[in-house]
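Colleague: Give me coordinates for this.
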Amino acid sequence: MPDAAPLPLEPRAVVLDARAAGRDDAIRQCGELLLAVGAITEPYIASMLERERSISTYVGEGVAIPHGTAKAKQDVLRDAVCVVRFPEGVDWDGERVGLCVGIAAKGNGHVALLAALADVLLDPDRARNLREATEVETVMKELL
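Modeller: Residues are numbered from 1 along each chain as shown. As a prediction, this is how the structure comes out:
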């Protein structure tokens, strides 16, 4: 089975020393990064928060993958991923999240992005490298 395509991740969309007041703040920070790299328009951030209220984006092992709702697809300008590491952790409805991977995708692009992320997160060594990364280059190596 071929490897999944590389994720659309830019080094400037990686923050490894973030702090968040809580889950919503962490999601907002992911959205702001996606906005800063020109992948979304501002309303997408609200849809990321709306998505979280309907179903948790926590996927286990200290990782969450916040993304917007289906109706917010018009607010996505291009596919992109951001990575935000919270060394002190964030309370995510009773779970501790140390790593958020925000996603924005046009059309059904989120399916390919989630598949590529799953390849990384299901590999214990690569997942640990991401959760413990202190260098942007480490994140880029694991996700590209």
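Colleague: ok, how many other residues are close to residue 134?
Modeller: 10 (other C-beta atoms under 10 Å). Quick note: C-beta positions are derived from backbone N, CA and C, even for glycine.
Colleague: from what I can see it touches residue 16, true?
Modeller: Yes. Applying C-beta atoms under 8 Å, one finds residue 134 in contact with residue 16, separated by 6.0 Å.
Colleague: Could you list the low-pLDDT ranges of this structure?
Modeller: Applying pLDDT under 70 to the chain flags residues 1-6.
Colleague: Show me the longest strand that occurs in it.
Modeller: strand 80-92 (DSSP state E).
Colleague: need the strands for the chain, in chain order.
Modeller: 9-15, 58-60, 63-64, 80-92, 95-104.
Colleague: Spatially central residue in the chain, please.
Modeller: Nearest residue to the geometric centre of the chain (C-alpha atoms, centre = their mean): residue 101, 1.6 Å.
Colleague: ok, the longest strand of the chain: who's next to it in the sheet?
Modeller: The pairing partners recorded for strand 80-92 under DSSP bridges are strand 9-15 (parallel), strand 95-104 (antiparallel).
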